[in-house]
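Participant: with the sequence up front, the predicted model follows.
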Amino acid sequence: MKLTTRGHYSVKALLDLSLQPAGSLSSVSAIAARQHLPAPYLEKLLIELRRSHIITSVRGAHGGYRLARPAAQIFLGQILEAVGESVTPLAQTIAPQQAEDWVTSMLWQRLQQKLREAFYSITLEDLYYDARSWQAAQGEGASFVV
């Protein structure tokens, strides 16, 4: 499965929020600037993530967004579904006609199930630590743009 722009930008924004001090708020423009994302598009994604209770928002001059729960409790599958991504990209639409078709069909169903399980086993915290490990491997000069 290839992550679309919607999924990629959403994960980047949430990783950015996970880097902020607990309880602090980040504006759309601040997240967009730090992650080099288009602010108008990001704002639409953040609204979808808020509706899915992944993030919360506070209105006003000092408002912004923050994670609704710890990064260890936010799963990649939840993020992708919140912005309309499919976590079952290998849909089998043809009914099996022969034994070989049945075997292939069962194989794809099992692969879909494993992929779905993987999406719901990877947390935002896991991705955060993966990104930090990558950064450490790149050396001190590496920027933490997700």
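Facilitator: Thanks, I have it. Numbering: from 1, shown residues only.

Participant: quick check: closest non-adjacent residue to residue 32.
Facilitator: Of all residues not flanking residue 32 in the chain, residue 39 sits nearest, at 4.0 Å (C-beta to C-beta, 6 or more residues apart in numbering). All C-beta spots, glycine's among them, are computed from the backbone N, C-alpha and C.

Participant: could you report the pLDDT at the one you found?
Facilitator: Predicted confidence (pLDDT) at residue 39: the value is 96.

Participant: so who does it touch?
Facilitator: Residue 39 makes contact with 28-29, 32, according to C-beta atoms under 8 Å, 6 or more residues apart in numbering.

Participant: for the protein, give me the ranges with low pLDDT.
Facilitator: Within the chain, the stretches with pLDDT under 70 are 1-2, 87-100, 140-146.

Participant: all strands of it, in order?
Facilitator: Taking DSSP state E as the test, the strands found in the chain are 55-58, 64-67.
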